[in-house]
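Engineer: starting from these lines, generate the structure:
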Amino acid sequence: MIGVLVVDDDFRVAKVHRAYVERIPPFRVVGVAGNGREAADAVDALRPDLVLLDLYLPDVFGLDLIPRLRSAGHDCDVMVISAAREADAVRGAVRHGVVDYLLKPFDFADLRARLERYVAQRGRRENAVVRGQADVDRVLAGAALPAPAAGPLPKGMSVETAELVERALRDADGTLSAGECAAVTGLSRVSARRYLEFFHTTGRADVSLRYGVAGRPERRYGWRGVRR
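Structural biologist: Here you go, the predicted structure:
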């Protein structure tokens, strides 16, 4: 479970955000705070993994709360959820290392997409094995503000499985066949092939053909931009 603290001075908005989060596994709301002081106390007591932070709080500007948390030894991630559209606020959020910045108003699908991407990025950071500069770059990219999603997945495909296949491609020593990808990820060969072809058609993976002694050539997939 990923524990979440919701910080918003409007209790009605906080209630909506809480309801949204609790519909998205593996997230669990551990507390709600209405101002900066309550938020700092709640982080001390509840030790959340992620703070959903409004910026317009009655006693402090939300970003000013982050250095206080860090100086107190808390390493929880922070996702800004605010109506603040000023460029200075966005730049300040980047400087403070927030994992995402979601503008109000938004709907459930918007938040779900951000939280699902956060889960994938968190997994990459925690499981990263640094073998070279490319690995360092991927870890840093996972900690920065992510780019918007390339678009919705086709029906029947899940974000979690797509992230699993992407990670297998990125970590591969060269290219992968559908069978090799299935062995690495635990998926069926048919499912692995479907996700690999999706990445190819959307321009995120390259395909090469390996010719054997007999039969059709084997299709092999490599994540675009990764060269080993």
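
Engineer: wasn't residue 30 part of a strand?
Structural biologist: Yes. Remark: residue 30 belongs to a strand, assigned using DSSP: H, G, I helix; E, B strand; the rest coil.

Engineer: and the residue nearest to it when sequence neighbours are not counted, what helix or strand is that in?
Structural biologist: Excluding its sequence neighbours, the residue lying closest to residue 30 (Cβ to Cβ, 6 or more residues apart in numbering) is residue 3, at 4.2 Å. Just so you know, the C-beta spots here come from the backbone N, C-alpha and C atoms, and that holds for glycine as well. Under the criterion DSSP states H and E, the helix or strand holding residue 3 is strand 2-7.

Engineer: now swap in residue 113 and tell me
Structural biologist: Under the assignment given by DSSP H and E, the secondary-structure element containing residue 113 is helix 108-126.

Engineer: mind listing what's buried in that helix?
Structural biologist: Within helix 108-126, the residues that qualify as buried are 111-122, 124, counting by 16 or more other Cβ atoms under 10 Å.

Engineer: cool, and stretch 82-101?
Structural biologist: Buried residues in stretch 82-101, defined by neighbour count with 16+ other Cβ under 10 Å: 82, 84, 89-90, 92-93, 96, 98-101.

Engineer: and if you look at stretch 13-21?
Structural biologist: With burial defined by 16+ other Cβ under 10 Å, the residues of stretch 13-21 counted as buried are 14, 16-18, 20-21.

Engineer: can you give me the pLDDT of the residue nearest to residue 30?
Structural biologist: Looking at residue 3, its pLDDT stands at 97.

Engineer: please name the bridge partners of residue 81.
Structural biologist: When bridges are taken as DSSP bridges, the partners of residue 81 come out as residue 102.

Engineer: report pLDDT for it.
Structural biologist: pLDDT at residue 81 comes out at 95.

Engineer: good, we can wrap up now.
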